[in-house]
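Engineer: Quick one: sequence and predicted model below, then my questions.
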Amino acid sequence: MVFQDYALFPHLTISENIGFGLKEHRYARAAIDSRVAELLELIKLPHIGKRLPVEISGGQQQRVAFARAIAHTPQILLMDEPLGALDLKLREAMQLELRELQRALGITTVYVTHDQSEAMYLSDRIAVINNGQIEQVGTGREIYDRPTSRFVAEFVGQINVIPADLVGEDGDYSVVKCENATLRAVKPRKQLQGEAYVAVRPHTIDIVQRDTQAAAKNSLDGRILSQVFNGNVLHVQVETASAIISVEARPSADPLPDGAPVTLQWKPSDTLVLD
């Protein structure tokens, strides 16, 4: 197990920390020295073996904790938010290193994190847990694109959730009534009836001039409430009759002013129905 605070023994050198489990399993001294040297090379820190934990950085301590955990090769490696104590830049660098190490070693790893982007980056499969119950298990793309509950949809990434009523079906799509508009959405995995929610990701929505029609798309009318420029993304809040909808748009040379009447449009295939 790799702990959140690393839990390195402060009175032992780095080499002694890494070799601790091997010593407990009564490996021969030569075998311990050889394995420790191999792991120091693996974590790209061959020169720090004689130092104490207090003499190395947080990122280096994290790698040492990883090396100690795999010294006596485990069948399963458990990691409890091991990057939580690092700053953003170092955390991103360590995500890459951990992923490369895990793939090189081929050890099944259970990694606990509250950081959704970290889960997406590191995982082959994700289990989203709510109050001790598994809500959904799948790949990062499955969890993001096809959440099976409102909790998963709102927990993983940004999403707009709008009250709606299920009124029927149209081929491969469900038909829902939302405000004064009729929308089509991907059929839910389980049968739903009556009141539900329509969910759509901000980056899938286009903002167009009011009354611009696109027959193949869902649409809602509203007015621009606010806009925040963030480099390559313009975060726009649009007020509709029943919800304030977030849109991630590309910055335009001629942005619409706050208060402007607009129509929001998006594909039925990007629309989810949630219980």
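Structural biologist: Done, it's in. Since the model is a prediction, treat every value here as computed from it, not as a measurement. Residues are numbered from 1 along each chain as shown.

Engineer: Look up the pLDDT of Gln193 for me, please.
Structural biologist: Looking at Gln193, its pLDDT is 69.

Engineer: heads up, I number from 21, so please use that
Structural biologist: All right, first residue 21 from here; so that's Gln213.

Engineer: where in the chain is pLDDT low?
Structural biologist: Scanning the chain with the threshold set as pLDDT under 70 gives 210, 212-213, 273.

Engineer: could you pull out the helices for it?
Structural biologist: 34-38, 40-44, 49-62, 78-91, 108-125, 136-142, 160-165, 170-175 (DSSP state H).

Engineer: could you dump those helices to a markdown table with mean neighbour count and distance to Val196?
Structural biologist: All C-beta atoms are positioned from the backbone trio N, CA, C, and that covers glycine. A markdown table is the format used below for the helices of the chain (neighbours: other Cβ atoms under 10 Å; distance: least, Cβ to Cβ, whole Å):
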| stretch | mean neighbour count | distance to Val196 |
| --- | --- | --- |
| helix 34-38 | 24 | 57 |
| helix 40-44 | 16 | 56 |
| helix 49-62 | 16 | 53 |
| helix 78-91 | 22 | 47 |
| helix 108-125 | 14 | 38 |
| helix 136-142 | 17 | 27 |
| helix 160-165 | 17 | 19 |
| helix 170-175 | 19 | 15 |
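
Engineer: Quick one: distance of stretch 71-84 to the chain centre.
Structural biologist: Distance of stretch 71-84 from its chain centroid, counting by Cα atoms, centre = their mean, to the nearest Å, is 27 Å.

Engineer: Pull up the distance across that stretch, start to finish.
Structural biologist: In stretch 71-84, first residue to last residue: 11 Å (Cα to Cα, to the nearest Å).

Engineer: for the stretch 171-295 of the chain, what spans make up the strands?
Structural biologist: 180-190, 193-198, 201-206, 215-220, 226-229, 238-250, 253-259, 264-269, 281-286, 291-294 (DSSP state E, counting those that start in this stretch).

Engineer: Could you single out the most deeply buried of those?
Structural biologist: Ranked by mean neighbour count under mean count of other Cβ atoms under 10 Å, those are led by strand 291-294, which reaches a mean of 23.

Engineer: Return the distance of it from the chain's centre.
Structural biologist: For strand 291-294, the distance to the chain centre is 20 Å (Cα atoms, centre = their mean).

Engineer: what does that strand rub up against?
Structural biologist: Residues outside strand 291-294 that contact it (Cβ atoms under 8 Å, 6 or more residues apart in numbering) are 166-167, 169-170, 173, 181, 184, 186, 194, 196, 203-208, 212, 216-220, 238.

Engineer: try it again with 7 Å
Structural biologist: 167, 169-170, 173, 186, 194, 196, 203-206, 208, 212, 216-220, 238 (Cβ atoms under 7 Å, 6 or more residues apart in numbering).

Engineer: Tabulate the CA atom coordinates of that strand in PDB.
Structural biologist: Extracted C-alpha coordinates of strand 291-294, given in PDB (Å, rounded to 0.1, in the frame of the first residue of the first chain):
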ATOM      1  CA  THR A 291     -28.300  14.200 -24.800                       C
ATOM      2  CA  LEU A 292     -28.900  11.800 -21.800                       C
ATOM      3  CA  VAL A 293     -32.000  11.000 -19.800                       C
ATOM      4  CA  LEU A 294     -31.400  10.400 -16.100                       C
END
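
Engineer: Distance of Glu120 relative to Leu142?
Structural biologist: 11 Å (Cβ to Cβ, to the nearest Å).

Engineer: partners of the residue nearest to Leu203 when sequence neighbours are not counted in the sheet?
Structural biologist: Nearest residue to Leu203, sequence neighbours excluded (Cβ to Cβ, 6 or more residues apart in numbering): Asn238, at 4.4 Å. Asn238 has these beta-bridge partners by DSSP bridges: Trp286.

Engineer: Much appreciated, bye for now.
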